[in-house]
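Peer 1: Have a look at this fold, sequence not included:
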Ligand SMILES: [Zn+2]
């Protein structure tokens, strides 16, 4: 259950194929681009965009503010 291709967010169920909850930044690369997005649950996602579309290649856990006192 650790695959991140064609799945949903394991923390809140947001579909990877849906419109990102929030786009943090985009970076153009020779192969296409990289998009950093934040999920509705606070999880940061790194998406690679190429001629086949976009896919999540890495994601963090949900926002720590939900699971403990805000230290920052
Ligand atoms: Zn999520």
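Peer 2: It's in. What you see is a predicted model; the values in this text were computed from it and never measured. Numbering: from 1, shown residues only.

Peer 1: Does the residue nearest to the spatial centre of the chain belong to a helix, a strand or coil?
Peer 2: Geometric centre of the chain, nearest residue: residue 45, 2.2 Å, by CA atoms, centre = their mean. Judged by DSSP: H, G, I helix; E, B strand; the rest coil, the three-state class of residue 45 is strand.

Peer 1: list the contacts for it?
Peer 2: Counting by CB atoms under 8 Å, 6 or more residues apart in numbering, residue 45 makes contact with 9, 16, 20, 36, 37, 38, 39, 56, 58, 59, 60. In this view, the C-beta of every residue, glycine as well, is placed from N, C-alpha and C.

Peer 1: What about the ion: which of those touch it?
Peer 2: Residues of the contacts of residue 45 in contact with the ion (CB under 5 Å from the ion): 9, 39.

Peer 1: from the contacts of residue 45, which is closest to residue 27?
Peer 2: residue 36 (7.9 Å; CB to CB).
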